[in-house]
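1. quick one, fold the following:
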Amino acid sequence: MSYQAYKTASSRTEDPRQTEYRLLGEVTRGLMEVRDAPKSEIRQRVAALDRNRRVWSAFAADCASSHNNLPDSLRAGIISLSIFVSKETSAAMRGETDVETLIDINRTIMQGLSPSGG
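-> Residues are numbered from 1 along each chain as shown. Model prediction:
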């Protein structure tokens, strides 16, 4: 997903937190589907990992925008987390680690975004 697509999705009637929750849910499901996939399904694994990384890159780009109204410390934290996700994704693509950490990160953020707040 491109940054523009993220912005477009955010401008719909859906509240930004709902959009972020939905996007994280989609990419997390994708990661869970390829978690134990055989090596022969490398394309699906890489596609799921890449989609997750692109969502996190969109989050970071949004946080870097001067129009973002989140507190500076939260914006910095999201950008830092996005950098970690990118590095962890590269390691998972090389087969150096599994996708569990990425799934855990997404689920944790989703808990914070959920209407009940956790």
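2. Ser57 and Ser82 touch, don't they?
-> Yes: using Cβ atoms under 8 Å, Ser57 is in contact with Ser82, at 6.3 Å. To be clear about C-beta, it is placed using only N, CA and C from the backbone, and glycine gets the same treatment.
3. quick one: contacts for Leu31?
-> Neighbouring residues of Leu31 by Cβ atoms under 8 Å, 6 or more residues apart in numbering: 48-49, 52, 99, 102-103, 106.
4. all strands of this protein, in order?
-> Ranges of strands within the chain: none, based on DSSP state E.
5. looking at it, which helix or strand is least sure?
-> Between all helices and strands in the chain, the lowest mean by mean pLDDT, DSSP states H and E belongs to helix 3-10, at a mean of 57.
6. what is the burial count for Leu30?
-> No, residue 30 isn't Leu; it's Gly. By the criterion of other Cβ atoms under 10 Å, Gly30 has 19 neighbours.
7. can you check Leu24 too?
-> Neighbours of Leu24 (other Cβ under 10 Å): 21.
8. I'd like the distance between it and Trp56.
-> Plainly put, Leu24 is 9 Å away from Trp56 if you go by Cβ to Cβ, to the nearest Å.
9. report pLDDT for Gly30.
-> Note on Gly30: pLDDT of 97.
10. touching, it and Arg54? I think so.
-> No: at 11.4 Å, Gly30 does not count as touching Arg54 under the criterion of Cβ under 8 Å.
11. just the helices in this structure please.
-> 3-10, 16-34, 42-64, 72-93, 100-113 (DSSP state H).
12. average pLDDT for the longest one?
-> Spelled out, that is helix 42-64. What helix 42-64 shows for mean pLDDT is 97.
13. same thing with the last one?
-> Taken as a whole, helix 100-113 carries a mean pLDDT of 97.
14. from the contact counts, what lies against it?
-> Using 3 or more Cβ pairs under 8 Å, 6 or more residues apart in numbering; DSSP states H and E as the contact criterion, the elements in contact with helix 100-113 are helix 16-34, helix 42-64, helix 72-93.
15. the third one too?
-> For helix 42-64, the helices and strands in contact under the criterion 3+ Cβ pairs under 8 Å, 6+ apart are helix 3-10, helix 16-34, helix 72-93, helix 100-113.
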